[in-house]
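Participant: Sharing a model prediction with you, sequence too.
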Amino acid sequence: MSIPTPIKWENDNLIILDQQQLPHEIVYITLETIEDVFDAIVTLKVRGAPAIGIAAAYGLALAAKKHDGRLLESFHLRLHEDYLYLAGSRPTAVNLFWALDRLMNKVEAVESVLEAIALLEKEAVAIHEEDEKTCEQIGNYALSLLNDKTRVMTICNAGTIATAKYGTALAPFHIGAEKGKKFEVYACETRPVLQGSRLTVWELQQSDVDVTLITDSMAAHTIQAKGVEAIIVGADRIAENGDTANKIGTLNLAILAKEYGIPFYVAAPTTTFDLTIESGKGIPIEERKAEEITTIAGQSVAPEGTKVFNPAFDVTPSALITAIITEKGIVNQADYINIKSLVGRQAGEEVEA
Ligand SMILES: CSC[C@H]1O[C@H](OP(=O)(O)O)[C@H](O)[C@@H]1O
């Protein structure tokens with residue numbers, strides 16, 4: 001697989017692949033300040049739930065270094081402000097909050113600023129490294145479900161560049177390609193900012209996966225005409241009952257999967273579960289700028305002053321989800337009632353293989 005590494009931590013520098021420039025150019029940018037990290041997340045230079053969490057963790061570690069020399073109490077106060085600042089970058093993907101909380105918990109009882117700075121960096125690196133392993137495990141589980149299938153549909157980009165490596169929903173295609181499995185993937189372009197056409201198509205091409213681009217409105221016809229056998233998507237937040245927030249348009253695909261009698265899978269790490277939220281009703285849905293809809297590649301495609309509704313995500317009810325594929329195993333629909341205990345299990349203590 002020859003996809004450029006999406007996030008790098010080199011000599012105390014956070015370097016990210018600028019996803020805004022894809023698929024035309026491979027451009028790396030160095031994020032030097034917490035403001036750079038915040039901006040990169042808001043403008044989708046780095047995006048995808050796990051990648052946002054990784055970038056934010058490094059962002060907090062970067063910010064902490066700048067507070068060196070302070071007394072411990074004022075260090076904690078500044079760090080808390082940094083935490084709130086980064087937590088305000090995007091509202092839906094829970095991995096952002098999970099990663100920031102994990103770092104904050106790590107330094108609660110430190111005895112010096114230097115100890116805190118070192119621990120924050122170590123924890124950010126650990127989150128980054130763990131995600132690669134997690135995605136590989138998700139990919140293998142997903143592959144076991146998709147092994148007898150060839151034609152699979154996906155939306156948005158839940159791939160390598162949305163994570164540390166491999167991705168979630170795209171992991172079975174990358175890992176499958178490494179093992180010689182031939183998939184035909186139908187990638188929805190994913191309006192409004194086209195993560196499907198710009199990122200997923202490009203990414204799967206790098207792995208020599210047979211990928212076909214469709215517009216989002218072609219999904220129903222494509223399922224019929226091409227005999228799509230399964231749909232697999234990523235997730236930004238999964239509630240305790242299995243309701244799942246993912247890129248806008250996901251709900252349409254889940255409804256289509258039910259209509260056509262094909263499985264609808266969600267692939268996500270357990271860090272994407274938010275067990276403080278009982279159902280999808282509690283998931284905050286990000287609304288983004290009108291220009292994402294009224295323009296395409298900088299060109300206006302709507303009359304000046306058009307009223308716009310631009311939710312970035314929708315929520316798929318768990319009743320429409322055949323199974324949720326995690327690094328700890330596959331959670332089938334009948335088990336959603338037990339999600340709390342299943343997700344709480346230690347890695348290695350699998351829910352099901
Ligand atoms: C592997 S998480 C991918 C997830 O991220 C997406 O959102 P965004 O591009 O807005 O960060 C999307 O919902 C994907 O499924």
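Facilitator: Nice, I can see it.
Participant: Just give me the longest helix of this structure.
Facilitator: helix 113-146 (DSSP state H).
Participant: Show me what whichever helix or strand comes after that one is in contact with.
Facilitator: As assigned by DSSP states H and E, the chain's next helix or strand after helix 113-146 is strand 151-154. Here strand 151-154 makes contact (CB atoms under 8 Å, 6 or more residues apart in numbering) with 146, 169-170, 173, 183-188, 196, 200, 219, 222-223, 226-233, 253. C-betas here are computed from N, CA, C, even on glycine.
Participant: now strand 151-154: how far from the chain's centre is it?
Facilitator: 18 Å (CA atoms, centre = their mean, to the nearest Å).
Participant: hmm, it touching the ligand?
Facilitator: No - against the ligand, strand 151-154 shows no contacts by CB under 6 Å from any ligand atom, the least distance being 8.8 Å.
Participant: Direction included, what does that strand pair against?
Facilitator: strand 184-188 (parallel), strand 230-233 (parallel) (DSSP bridges).
Participant: Tabulate the CA atom coordinates of that strand in CSV.
Facilitator: Output in CSV follows, covering the C-alpha atoms of strand 151-154 (Å, rounded to 0.1, in the frame of the first residue of the first chain):
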residue,chain,number,x,y,z
ARG,A,151,-19.5,-5.3,-5.0
VAL,A,152,-19.6,-2.9,-2.0
MET,A,153,-20.7,0.7,-1.6
THR,A,154,-19.3,3.3,0.7
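Participant: tell me the angle of whatever helix or strand comes next after it relative to helix 113-146?
Facilitator: Under the assignment DSSP H and E, the closest C-terminal helix or strand after strand 151-154 is helix 171-178. Helix 171-178 and helix 113-146 are oriented at 70 degrees to each other (axes from the mean of the first three to the mean of the last three CA atoms, to 10 degrees).
Participant: Can you list phi and psi of Cys156 for me?
Facilitator: phi 60, psi -160 (degrees, to the nearest 10).
Participant: Identify the nearest residue to it in space, disregarding sequence-adjacent positions?
Facilitator: What sits nearest to Cys156 in space, not counting adjacent residues and going by CB to CB, 6 or more residues apart in numbering, is Lys247, at 3.6 Å.
Participant: And Ile277, by the same measure?
Facilitator: Ala239 (4.4 Å).
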